[in-house]
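give me coordinates for this.
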Amino acid sequence: MRIHFIAIGGSAMHNLALALHQKGYQITGSDDEIFEPSKSRLSAKGLLPEAYGWFPEKITSKLDAVILGMHAKADNPELLRAQTMNLPIYSYPEFLYEQSKAKTRVVIGGSHGKTTITSMILHVMHYFGKNVDYMVGAQLEGFDTMVHLTEENDFMVLEGDEYLSSPIDRRPKFHLYKPNIALLSGIAWDHINVFPTFENYLEQFSTFIAQITNGGALVYNAEDAQLQKIVEASQHPIKKYPYATPQYDVVDGVTLLETPEGSMPIAVFGKHNLNNLEGARWICQLMGVDADAFYEAISSFKGASKRLEKIAERFDAIAYKDFAHSPSKVKATAEAVKNQYPNRRLLACLELHTYSSLTPNFLKEYQGALDAADEAVVFYSPHAVEIKKLEPISKEQIAEAFQREDLNIFTDPKDFKEFLFAQNFENRSLLLMSSGNYGGLDFGEVGKLF
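All right, here's what the predicted structure looks like:
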């Protein structure tokens, strides 16, 4: 097949392009800008566009399909030409469904923990040499790409994002996968620019449950009251499997998971990650891996990229970075680090970087999110607010939202870096939470402080 990617440089898009290239498809693509690591990875396979920009002449009748990325606009000249020529146009999730229609589709959804749970499942399958197709939202140790597609594998494991599918398809991605086996990790309001009310956001998960194939299975976090209510209300003919956080203990900075064979040390930590682990165990069981085998494999799981990723450690101090940005994720991550190292002072730094986090009427959702930290910092860029065309945010609004009198608030990357590099990290833990980089902070340089 000949496939053209409009906006090939995105994290998800370039991984799909690489996967289809590996499968033997002929791939072309365009983008107006491509950053690392996408640029080098596409170049290594001969898929990097010769020039940046949009070139309608690339859209010809020889193409079997066009895949449209979220970075493109609805008036993209290549898209308009493809529409005029009546070529098949797919969003990223639509094409993944087309590739997996004959497989057992396992979809991991929820407002938080999707990448970690998907990563755990893939780690277990990889550990036992069980080959599956997959799409996951982070680069995993031992895996070449974030997307893998074959003709022969029976299972397709998909991370089910609730964000929009493409500029011309406003459906949430996870509505398009029609899972045979599904998991929902929990619900916490996010993507306020698309789902302006919590009720509207909740509807997306009810719709997802209704998309599970008849007779399929739903594994869900029973500790989430809102999720349990939605699952119980569903009359869809599926099997429902609730799960809860397993028993565990923390001893001298090591998390011990209680198993039928006794306590087992694991590399991941925090109540939310133990909850994720239990969800992954249920999914693996439905995929044919029993509990004993799961525990054997998961003991070597070190975590997904940017999810409580250790960047430095010495005998009396440790530093982590994490992708956490929504209120529930920030709270869970801060509590995890504090509980893992209760005798060390925790400095937790949060960058407000996403559309939701920079929206004034959403800020109140962060109340209490940093309470587990002994010292707390919030960084945001007024320029980023301006670029996203949002109402200006004042430091006073942020202080009011977090309800913490000793909160340090920075808007200048230089000032934040000076503050951070002036710290004495003796007997302390550092947690840097962001989906960005604090205006250009070098995390490798931070590691040298330890």
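
then the longest strand anywhere in the chain to PDB, C-alphas only?
Longest strand of the chain, by residue count under DSSP state E: strand 345-352. Coordinates of the C-alpha atoms in strand 345-352 are reproduced here as PDB (Å, rounded to 0.1, in the frame of the first residue of the first chain):
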ATOM      1  CA  ARG A 345      11.900  16.900  52.600                       C
ATOM      2  CA  LEU A 346      10.100  16.900  49.200                       C
ATOM      3  CA  LEU A 347      10.500  19.900  46.800                       C
ATOM      4  CA  ALA A 348       7.800  19.500  44.200                       C
ATOM      5  CA  CYS A 349       7.800  21.700  41.100                       C
ATOM      6  CA  LEU A 350       4.900  21.900  38.700                       C
ATOM      7  CA  GLU A 351       4.800  23.600  35.300                       C
ATOM      8  CA  LEU A 352       1.400  24.700  34.200                       C
END
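
give me the sheet partners of that strand and which way each runs.
For strand 345-352, the pairing partners within the sheet under DSSP bridges are strand 375-380 (parallel), strand 428-433 (parallel).

contacting residues around it?
Judged by C-beta atoms under 8 Å, 6 or more residues apart in numbering, the contacts made with strand 345-352 from elsewhere in the structure are 324-325, 330, 334, 337-338, 358, 369-370, 372-380, 393, 398, 416, 420, 423, 427-438. Bear in mind the C-beta positions are built from the backbone N, C-alpha and C, glycine included.

and those, which are buried?
The neighbour-count criterion (16 or more other C-beta atoms under 10 Å) marks 324-325, 330, 334, 337-338, 358, 369-370, 372-373, 375-380, 393, 398, 416, 420, 428-434, 436, 438 among these as buried.

my guess is Leu87 meets Ile67, correct?
No - using C-beta atoms under 8 Å as the test, Leu87 is too far from Ile67 to be in contact (10.9 Å).

with neighbour numbers in mind, choose between these two.
Residue environment comparison for Leu87 versus Ile67 gives the larger neighbour count to Ile67, 25 against 17, counting by other C-beta atoms under 10 Å.

doesn't the more buried one lie inside a strand?
Yes - Ile67 forms part of a strand when assessed by DSSP: H, G, I helix; E, B strand; the rest coil.

mind checking how far it is from Leu79?
Distance from Ile67 to Leu79, counting by C-beta to C-beta, to the nearest Å: 11 Å.

spatially nearest residue to Ile34 (excluding sequence neighbours)?
By the measure of C-beta to C-beta, 6 or more residues apart in numbering, the closest residue to Ile34 outside its immediate chain neighbours is Gly9, 3.4 Å from it.

shouldn't that neighbour be in contact with Ser30?
No - the pair Gly9 and Ser30 does not pass the contact test of C-beta under 8 Å, sitting 9.0 Å apart.

of these two, which one has the most company?
Ser30 (26 against 23).

what residues sit buried inside the helix or strand where the more buried one lies?
Using DSSP states H and E, Ser30 sits within strand 26-30. Of the residues in strand 26-30, those with enough neighbours to count as buried (16+ other C-beta under 10 Å) are Ile27, Thr28, Gly29, Ser30.

dump those to a markdown table, plus pLDDT and distance to Arg307.
As requested, the buried residues of strand 26-30 are exported to a markdown table (pLDDT from 0 to 100; distance: C-beta to C-beta, whole Å):
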| residue | pLDDT | distance to Arg307 |
| --- | --- | --- |
| Ile27 | 98 | 30 |
| Thr28 | 98 | 33 |
| Gly29 | 98 | 29 |
| Ser30 | 98 | 32 |
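
which one of those residues is nearest Glu313?
Minimum separation from Glu313 among those (C-beta to C-beta) is found for Gly29, which lies at 40.2 Å.

next up, the contacts around that closest one.
Taking C-beta under 8 Å, 6+ apart, we find Gly29 in contact with His4, Phe5, Ile6, Ile8, Gly9, Met13, Ala17, Leu42, Leu47, Pro49.

6 Å instead?
Phe5, Ile8, Pro49 (C-beta atoms under 6 Å, 6 or more residues apart in numbering).

and stretch 384-393, what's its mean pLDDT?
Mean pLDDT, computed over stretch 384-393, is 83.

start and end of that stretch, how far apart?
As for stretch 384-393, its first-to-last residue distance stands at 11 Å under the measure C-alpha to C-alpha, to the nearest Å.

where exactly do the strands run in the stretch 51-200 of the chain?
For the stretch 51-200 of the chain, strands defined by DSSP state E, counting those that start in this stretch occupy the ranges 65-68, 89-91, 104-109, 133-135, 147-148, 155-159, 164-166, 169-172, 181-184.

just put those strands in JSON lines and tack on mean pLDDT and distance to Ala217.
Formatted as JSON lines, those follow (pLDDT from 0 to 100; distance: least, C-beta to C-beta, whole Å):
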{"stretch": "strand 65-68", "mean pLDDT": "98", "distance to Ala217": "30"}
{"stretch": "strand 89-91", "mean pLDDT": "97", "distance to Ala217": "26"}
{"stretch": "strand 104-109", "mean pLDDT": "98", "distance to Ala217": "9"}
{"stretch": "strand 133-135", "mean pLDDT": "96", "distance to Ala217": "18"}
{"stretch": "strand 147-148", "mean pLDDT": "94", "distance to Ala217": "23"}
{"stretch": "strand 155-159", "mean pLDDT": "97", "distance to Ala217": "13"}
{"stretch": "strand 164-166", "mean pLDDT": "91", "distance to Ala217": "24"}
{"stretch": "strand 169-172", "mean pLDDT": "92", "distance to Ala217": "21"}
{"stretch": "strand 181-184", "mean pLDDT": "98", "distance to Ala217": "5"}
